[in-house]
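1. the amino acid sequence is not available; the structure is as follows:
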């Protein structure tokens, strides 16, 4: 956004800040929050403090030390990033409603050195390999027409959590430590649910493969649609696992069906789909910029059974959806969903494909708004920068939404 356009939007930006952050504790802090947000919104390749300060100086021709003031606001000022995030989510719910899907994902930020908070050699799908980077778990909210970020939390690898000195130097609060990404995702979903965001949960196989994640979502009353690894085992939803064996003269009486025992075998999701190739058919889920988007899919009612061989009873019945790309020798993507048993194949496919919004969101959050441009080392600075980028994204999306409403239909 150029300086002239941003100047015209000062009243809108002020109203937005009034609604989301209020005074932020004092007038000076609020002023530099406004300045930092404008720095993010202004055109420019880098959205770290120094280049943003330079652009703000050029526009406002002020005599203040923008570098020092923005650095202090970002890295030292004790304003509550979590409280601002909660205010932002409440504002998004008012402006956009809550009738959409919520998308859990993780994303990486390449980073050199060993002192920036959370940096480690770890796998990131952003690069498709193990590299020195920070990784964050994100929560996006998507409607039929737009996507906006609700939350982003920095992942701390176990090696970081085990190094108390390094945690202290980075300013990580006491009580914050290692947490699996799926547990981080659950906490984020529950916080957003408190503000009304209870739509279908979408996630890739990093999260969906975890049995506990799916079980917790179901226990929370959430509908989910998640990717899974092809190796997960399944049995038919109506499979006969046998009766519970009669009690013997000694020992504890059996409680599980005869088919649930150590060594029991069941097919993987991949094997299941390979044995049912005639079930696949073409499905069109939406129109893209290059025409209709169509692929080959099949869906079956199954029960997750990857713990069957260890004596654990299969999970609750759900959908297994498989996608078979036209240029592949066999099905390549697999999903579990607890959508109702009567859901159509077209609905299952369309729901799964809604996850495309997350890549669209990352292009704006990273490439345009600089989510991955933070150059400091501290926990506080990273979290402050991240929530301010989410605010900038929400402000822009609402601006576009408002303008669409003003354009009369053709």
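-> Perfect, thanks for sending it. Computed from a predicted structure; not experimentally measured.

2. please make it C-alpha for all contacts and neighbour counts, starting now.
-> Noted.

3. which residues of the stretch 101-250 of the chain score low on pLDDT?
-> 241-250 (pLDDT under 70).

4. the same query, at a cut-off of 80, please.
-> 240-250 (pLDDT under 80).

5. which residues of it fall in helices?
-> 158-161, 164-169, 181-193, 205-208, 211-219 (DSSP state H, counting those that start in this stretch).

6. of all those helices, which one is nearest residue 15?
-> helix 181-193 (22.8 Å; C-alpha to C-alpha).

7. in that closest one, what counts as buried?
-> Across helix 181-193, burial judged by 16 or more other C-alpha atoms under 10 Å covers 181, 182, 184, 185, 186, 188, 189, 191, 192, 193.

8. which of those lies closest to residue 314?
-> Nearest member of the buried residues of helix 181-193 to residue 314, counting by C-alpha to C-alpha, is residue 182, at 21.0 Å.

9. how many residues are close by the residue nearest to the closest one when sequence neighbours are not counted?
-> Spatially, and ignoring its direct neighbours in sequence, residue 182 is nearest to residue 207 (5.6 Å; C-alpha to C-alpha, 6 or more residues apart in numbering). By other C-alpha atoms under 10 Å, the residues close to residue 207 number 24.

10. quick one, what contacts residue 207?
-> Neighbouring residues of residue 207 by C-alpha atoms under 8 Å, 6 or more residues apart in numbering: 181, 182, 213, 226, 227, 228.

11. follow-up on the earlier one: adding distance to residue 363, write the helices of the stretch 101-250 of the chain out as CSV.
-> Below are these laid out as CSV (distance: least, C-alpha to C-alpha, whole Å):
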stretch, distance to residue 363
helix 158-161, 29
helix 164-169, 30
helix 181-193, 21
helix 205-208, 21
helix 211-219, 27
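
12. skipping its backbone neighbours, what lies nearest residue 314 in space?
-> Here the residue nearest residue 314, using C-alpha to C-alpha, 6+ apart, is residue 305, at 4.5 Å.

13. my guess is the one you found contacts residue 315. True?
-> Yes. Residue 305 is within contact range of residue 315, at 6.5 Å (criterion: C-alpha atoms under 8 Å).

14. so for those two, which sits in the more crowded spot?
-> Counted by other C-alpha under 10 Å, residue 305 and residue 315 do not tie: residue 305 has more neighbours, with 25 against 19.

15. quick check: phi and psi on the more buried one?
-> Residue 305 adopts backbone torsions of phi -140, psi 30, taken as degrees, to the nearest 10.

16. equivalent analysis for residue 115, please.
-> Torsion angles, degrees, to the nearest 10, at residue 115: phi -110, psi -20.

17. now do the strands in the stretch 1-150 of the chain.
-> Assigned by DSSP state E, counting those that start in this stretch, the stretch 1-150 of the chain shows strands spanning 101-110, 120-124, 129-142, 147-154.

18. in TSV: the ones you listed, plus mean neighbour count.
-> Shown next, in TSV, are these (neighbours: other C-alpha atoms under 10 Å):
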stretch	mean neighbour count
strand 101-110	23
strand 120-124	18
strand 129-142	21
strand 147-154	25
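
19. residue contacts, the residue nearest to residue 224 when sequence neighbours are not counted?
-> Sequence neighbours aside, residue 201 is the residue nearest to residue 224 in space, at 4.5 Å (criterion: C-alpha to C-alpha, 6+ apart). By C-alpha under 8 Å, 6+ apart, the residues touching residue 201 are 101, 102, 103, 104, 222, 223, 224, 225, 226.

20. one more time with 10 Å
-> 100-104, 139-141, 189, 217, 222-226, 337, 351, 355 (C-alpha atoms under 10 Å, 6 or more residues apart in numbering).

21. how close does it get to residue 96?
-> Distance, residue 201 to residue 96, using C-alpha to C-alpha, to the nearest Å: 17 Å.

22. what does residue 203 give?
-> Counting by C-alpha to C-alpha - residue 203 and residue 96 are separated by 21 Å.

23. neighbour count winner among these two?
-> residue 203 (25 against 19).

24. quick one: contacts for the residue positioned nearest the centre of the chain?
-> Geometric centre of the chain, nearest residue: residue 104, 2.7 Å, by C-alpha atoms, centre = their mean. Neighbour list for residue 104: 137-141, 151-152, 182, 185-186, 188-189, 201-204, 206-207, 226, 355, 358 [criterion: C-alpha under 10 Å, 6+ apart].

25. go again with 8 Å.
-> Residue 104 neighbours (C-alpha under 8 Å, 6+ apart): 137, 138, 139, 140, 185, 201, 202, 203, 204.
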